[in-house]
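Undergrad: Just the structure for this:
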Amino acid sequence: EGNPLFRVRYAHARSRALTRNAADLGFAAEPGPVPDAPQELLAALGDHPRVLAAAAAHRAPDRIARHLVAVADAALPFLPAVLPRGGEKPSAAHRARLALAEAAGTVLAGGLTLLGIDAPDHL
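TA: Residues are numbered from 1 along each chain as shown. The predicted structure follows:
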């Protein structure tokens, strides 16, 4: 469980399962617009193991840096929709969004560590 790649894969799988099962549990669509960023973010997080392997094989840390920029760009518009607003009760969709945001933070922190950059604790 201390392996960052395991945490990313687990958070990704958990967020997908929660989102997929929300309709089965009777949860309706969330109020307000939901940005299209989650699909881009899911794609960027799904590419993470492949990017790490390619960067290691070709000794190209610039690939990791470009990937981290892509993850951060995909996560930024998504983050305001992560938590419930006001008196709204948290739902399965909120938990899925939170898990996805945690996966993005884990990927960013792990990638910065691989590049030799200290990530802030709150990331």
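Undergrad: After the worst-scoring helix or strand of the chain on mean pLDDT, which helix or strand is next?
TA: None of the helices or strands of the chain scores lower by mean pLDDT, DSSP states H and E than helix 4-22, at a mean of 66. Going down the chain from helix 4-22, the next helix or strand is helix 37-46, by DSSP states H and E.
Undergrad: Mind listing what's buried along that following helix?
TA: Under the neighbour-count criterion of 16 or more other CB atoms under 10 Å, helix 37-46 has A37, P38, E40, L41, L42, A44, L45 buried. Placement of C-beta: from N, CA and C, glycine included.
Undergrad: Closest to G87 out of those residues?
TA: For the buried residues of helix 37-46, the closest approach to G87 (CB to CB) belongs to P38, at 24.2 Å.
Undergrad: Now the spatially closest residue to the closest one that is not a sequence neighbour. Its backbone dihedrals?
TA: The shortest distance from P38 to any non-neighbouring residue, by CB to CB, 6 or more residues apart in numbering, is to F78 (5.8 Å). Main-chain dihedrals, F78, degrees, to the nearest 10: phi -80, psi -30.
Undergrad: Am I right that F78 is in contact with L100?
TA: Yes: counting by CB atoms under 8 Å, L100 is a contact partner of F78 at 7.4 Å.
Undergrad: How much space separates the residue nearest to P38 from Y10?
TA: Here the distance between F78 and Y10 works out to 19 Å (CB to CB, to the nearest Å).
Undergrad: Among these two, which residue is more densely surrounded?
TA: F78 (20 against 16; other CB atoms under 10 Å).
Undergrad: one step back: what do F78 and L100 both touch?
TA: Common contact partners of F78 and L100 (CB atoms under 8 Å, 6 or more residues apart in numbering): P38, L41.
Undergrad: Which of the helices or strands spans E88?
TA: Short version, using DSSP H and E: E88 is in no helix or strand.
Undergrad: again with the one 10 residues further on
TA: When secondary structure is defined using DSSP H and E, the element that contains L98 is helix 92-114.
Undergrad: pLDDT on that helix, on average?
TA: For helix 92-114, mean pLDDT rounds to 84.
Undergrad: dump the residue contacts of L114.
TA: L52, P61, I64.
Undergrad: of those residues, closest to K89?
TA: For those, the nearest to K89 is L52 (37.7 Å; CB to CB).
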